[in-house]
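A.B. asks: I'd like to go over a predicted model; first the sequence, then the structure.
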Amino acid sequence: MKFNHIGVLIASAVMAFGSFIVPATASAAGTQTVAAATKKAPVRNKISFAGVTVPVVKGNMHVTSAPHANVAQTWGGQTTLSTTDHQSTHMIGHNNTSFGKIVKLKKGSAVTVHDVNGKTRVYHVTKVLNVTDQGYINGTKTSVYKQIVNANQGEQVVLQTCLSETVNRLVWAR
């Protein structure tokens, strides 16, 4: 009988003190959760322009088509999306997705890149050309292929989407 009485006293004490201890602990934990939630993780592998933001996946020049859905893909140049490597990154995306809005970009338009490391850089369009699938300025015999795919051109991005079966819009931004 004494054991039951002591057990009841201990349980009552734990419940009484627990009611004071638990809220304080919960409050501190809740504060930490709120603080963690307000600290944002860096945005990575995205490009923004003309009011849209598009995720960018790593690709390579062996890919024969742009990715489906609302995604762009690196293709030529430096295929790891970086804003600090002093290299050119070429990205491709379909014109029937948000990426297709590159057709609205003009010289001076802003292009924001969030790279693989969470660094952000705003580039500005320096050149817009319509180019054939073989890399020639449309209607000419002037090749710009190396300007599209060569990584060693300094820090820039080159964006490409189709205008037709044989002609592409290309946008250079530094």
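C.D. replies: That came through, no problem.
A.B. asks: separation between N117 and P42?
C.D. replies: As judged by CB to CB, to the nearest Å, N117 and P42 stand 8 Å apart. Bear in mind the C-beta positions are built from the backbone N, C-alpha and C, glycine included.
A.B. asks: Give me the more crowded residue out of these two.
C.D. replies: Neighbour count, other CB atoms under 10 Å: between N117 and P42, N117 has more, with 14 against 10.
A.B. asks: Could I get the buried residue list for stretch 103-116?
C.D. replies: Residues of stretch 103-116 classed as buried by neighbour count (16 or more other CB atoms under 10 Å): L105, S109, V111, T112, V113, H114, D115.
A.B. asks: Not including adjacent chain positions, what is the nearest residue to the most centrally placed residue in the chain?
C.D. replies: Closest to where the C-alpha atoms of the chain average out (CA atoms, centre = their mean) is K46, at 1.6 Å. Sequence neighbours aside, H114 is the residue nearest to K46 in space, at 4.5 Å (criterion: CB to CB, 6 or more residues apart in numbering).
A.B. asks: Would you enumerate the residues in contact with that neighbour?
C.D. replies: Neighbour list for H114: P42, V43, R44, N45, K46, I47, S48, T120 [criterion: CB atoms under 8 Å, 6 or more residues apart in numbering].
A.B. asks: which among these end up buried?
C.D. replies: Buried among those (16+ other CB under 10 Å): N45, K46, I47, S48.
A.B. asks: I'd say the second one and V54 touch.
C.D. replies: Yes - in this structure, K46 sits in contact with V54. The criterion is CB atoms under 8 Å, and the distance is 6.6 Å.
A.B. asks: can you tell me which strand in this structure is longest?
C.D. replies: Longest strand in the chain by number of residues (criterion: DSSP state E): strand 120-132.
A.B. asks: which helices and strands sit right next to that one?
C.D. replies: Under the contact criterion of 3 or more CB pairs under 8 Å, 6 or more residues apart in numbering; DSSP states H and E, strand 120-132 touches strand 110-114, strand 156-162, strand 167-173.
A.B. asks: Looking at the ones you listed, which is nearest to Q134?
C.D. replies: Among the helices and strands packed on strand 120-132, strand 167-173 comes nearest to Q134, with 10.4 Å by CB to CB.
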